[in-house]
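Asker: model this:
(one chain, ligands or ions: 1)
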Amino acid sequence: MPLKILAAADLHLGRRPSRLPSELTDRIAARELGPAGAWERLVDLAVDEKVDALLLAGDVVEAEDDFFEAYAELHRGVTRLAEAGVRVFAVAGNHDTRVLPYLSDEVEAFELLGRGGEWESVHLEANGEKATLWGWSFPQASVREDPVSGLSFSRGPGPNLGLLHCDRDQVGSSYAPVSSRSLEAAGLDAWLLGHIHAPDGLSLSRPTGYLGSLTGLDPGEPGPRGAWLLTIDQGTLTEFRRVALAPLRWVRLEVSLDGLDEPEEARRRALDSYMRTFPPGQAQLVREPGGGPASGSAGGSYFGPGGRSPPTLSGPADSELPLHFSPGRGPPGRPGGRHRRSGSRLRAPPCPSAGHRGTRVSPSRSRWLRG
Ligand SMILES: [Mn+2]
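Answerer: Next up, the predicted model:
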């Protein structure tokens, strides 16, 4: 029996999805279409599929100062997961440096990793399979140092996974700037990242990158969204794929206005593009592989759920095909440092505040930033 892990990031519980058309919200409550609905689906999925652990890579909650509603949603979900025997691990992002420690103190089953900006590891074990999880949490909303640079991670048993909220390759960022180079040099088998809402195309052959927002929060977050399923079998990561469970999917339609003679022509072309994307008969209920049902709407740029049928892991993969993955880098070492729970901590050394090597800031990336 394999060890199954679900991972998600950037839930932003408490935020209302913006610019939803009234045709949609007349039929479906905005709650269902936003982070709260997505979180409920995630909990359903974890319970139904009996995963062993759920990992949350930060920015679980939208606003620290007014988190009562989000806290209630989170508390309810985590309690259900605990009752089902699913362990929940999270790291704090720049949005939830206070609420996650609070929740972790209140709910035993909710385990915050790397509290106060100190790296921490835990060992996961189920069905004879093992994994080691490393995490670091924002100690405050702004962190200008690379929390990975210069560290050596003593490998634990099984595949070693890093859980981190950070701003990758963005020199000078206030949101834990991390270079791809330091992630690679850390020697872990995968890095599950939060903060940037556009998901990377993760797979067994590309196991490090952004998980993306759990659901598209506005039209600037198009494409399939959801959680990622990792399966560990015989000591190896054997599956890494997206489960597109988001209740809402934004779709960008391309309409060429080249050679336009009169304004009315633009409307016709937009309609053509819409009809090609959502052919008649499919517009009202489009079920995507591995995800929940979605329905088209008159504006053509949005999907909404057609019902509450739960997503499933047994459908065809939404992302990449499974490939063989080799995690080994010699025999696993015993993690050193002070012990806490079943794992250990190591203190991050002071990091240089300047001179990070990173790639250039891409102007288009700033739109994904939810600082
Ligand atoms: Mn963030």
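Asker: show me where pLDDT drops low in the stretch 1-150 of the chain?
Answerer: Scanning the stretch 1-150 of the chain for pLDDT under 70 picks out 66.
Asker: need the helices for it, in chain order.
Answerer: Counting by DSSP state H, counting those that start in this stretch, the stretch 1-150 of the chain has helices at residues 22-25, 30-33, 35-48, 68-83, 99-106.
Asker: low-confidence ranges, the stretch 151-300 of the chain, go.
Answerer: 281-300.
Asker: can you list the residues of it near the ion?
Answerer: Residues of the stretch 151-300 of the chain lying close to the ion by Cβ under 5 Å from the ion are His195. Where C-beta positions appear, they are placed from N, C-alpha and C, glycine not excepted.
Asker: now the stretch 151-300 of the chain against the ion: closest residue?
Answerer: Residue of the stretch 151-300 of the chain nearest the ion, by Cβ to the ion: His195 (4.0 Å).
Asker: relative to Leu124, how far out is that residue?
Answerer: Noted for His195: a distance of 24 Å to Leu124, by Cβ to Cβ, to the nearest Å.
Asker: so for these two, which residue has more residues nearby?
Answerer: The neighbour comparison of His195 against Leu124 (other Cβ atoms under 10 Å) goes to His195, with 30 against 24.
Asker: now for that one: which residues touch it?
Answerer: Going by Cβ atoms under 8 Å, 6 or more residues apart in numbering, His195 touches 9-10, 58-59, 93-94, 165-167, 175-176, 210, 369-370.
Asker: chain neighbours aside, what residue packs nearest to it?
Answerer: Among residues not flanking His195 along the chain, His165 sits closest, at 5.1 Å (Cβ to Cβ, 6 or more residues apart in numbering).
Asker: got it, and Leu13?
Answerer: The spatial neighbour of Leu13 that comes closest, neighbours along the chain excluded (Cβ to Cβ, 6+ apart), is Ala70 at 3.8 Å.
Asker: count of residues packed around the one you found?
Answerer: For Ala70, the count of nearby residues is 25 (other Cβ under 10 Å).
Asker: gap between it and Leu100?
Answerer: 11 Å.
Asker: between the two, what contacts are shared?
Answerer: Contact criterion Cβ under 8 Å, 6+ apart; residues shared by Ala70 and Leu100: 60-61.
Asker: which one of the helices of the stretch 1-150 of the chain lies closest to the ion?
Answerer: Between the ion and these, the shortest separation by Cβ to the ion is 12.5 Å, and it involves helix 99-106.
Asker: narrow the contacts of His195 to those that are buried.
Answerer: Buried members of the contacts of His195, counted by 16 or more other Cβ atoms under 10 Å: 9-10, 58-59, 93-94, 165-167, 175-176, 210, 370.
Asker: so Arg276: helix, strand or coil?
Answerer: Here Arg276 is recorded as helix under DSSP: H, G, I helix; E, B strand; the rest coil.
Asker: spit out the contact partners of it.
Answerer: Arg276 makes no contacts at all, as judged by Cβ under 8 Å, 6+ apart.
Asker: from Ala266, how far out is it?
Answerer: Taken as Cβ to Cβ, the span from Arg276 to Ala266 is 16 Å.
Asker: for Tyr210, what are phi and psi?
Answerer: In terms of degrees, to the nearest 10, the main-chain angles of Tyr210 are phi -80, psi 130.
Asker: these two touch, right, it and Leu183?
Answerer: No - distance between Tyr210 and Leu183: 11.6 Å, which falls outside the contact criterion (Cβ atoms under 8 Å).
Asker: residues of the stretch 1-150 of the chain that sit close to the ion?
Answerer: Selection of the stretch 1-150 of the chain residues close to the ion by Cβ under 5 Å from the ion yields 59, 93-94.
Asker: the residue nearest to Pro2 when sequence neighbours are not counted and Met1, how far apart?
Answerer: Counting by Cβ to Cβ, 6+ apart, Asp233 is the residue found nearest to Pro2 once chain neighbours are left out, at 4.1 Å. Asp233 sits 8 Å away from Met1, going by Cβ to Cβ.
Asker: joint contacts of those two?
Answerer: Common neighbours of Asp233 and Met1 (criterion: Cβ under 8 Å, 6+ apart): Glu129.
Asker: what is the neighbour count of the nearest residue to Ala126 once chain neighbours are set aside?
Answerer: Of all residues not flanking Ala126 in the chain, Asp52 sits nearest, at 4.2 Å (Cβ to Cβ, 6+ apart). By other Cβ under 10 Å, 21 other residues sit near Asp52.
Asker: Asp52 contacts Phe89, doesn't it?
Answerer: No - using Cβ under 8 Å as the test, Asp52 is too far from Phe89 to be in contact (10.9 Å).
Asker: state the distance from the residue of the chain most remote from its centre to Asp272.
Answerer: Going by Cα atoms, centre = their mean, the residue of the chain most distant from its centre is Asp261, 45.0 Å out. Distance, Asp261 to Asp272, by Cβ to Cβ: 16 Å.
Asker: which residues are in contact with both of Tyr210 and Leu183?
Answerer: Residues touching both Tyr210 and Leu183 by Cβ under 8 Å, 6+ apart: Arg168.
Asker: contact partners for the closest residue to Val178 other than its chain neighbours?
Answerer: Closest residue to Val178 apart from its sequence neighbours, by Cβ to Cβ, 6+ apart: Cys166 at 4.2 Å. By Cβ under 8 Å, 6+ apart, the residues touching Cys166 are 147-148, 175-178, 193-195.
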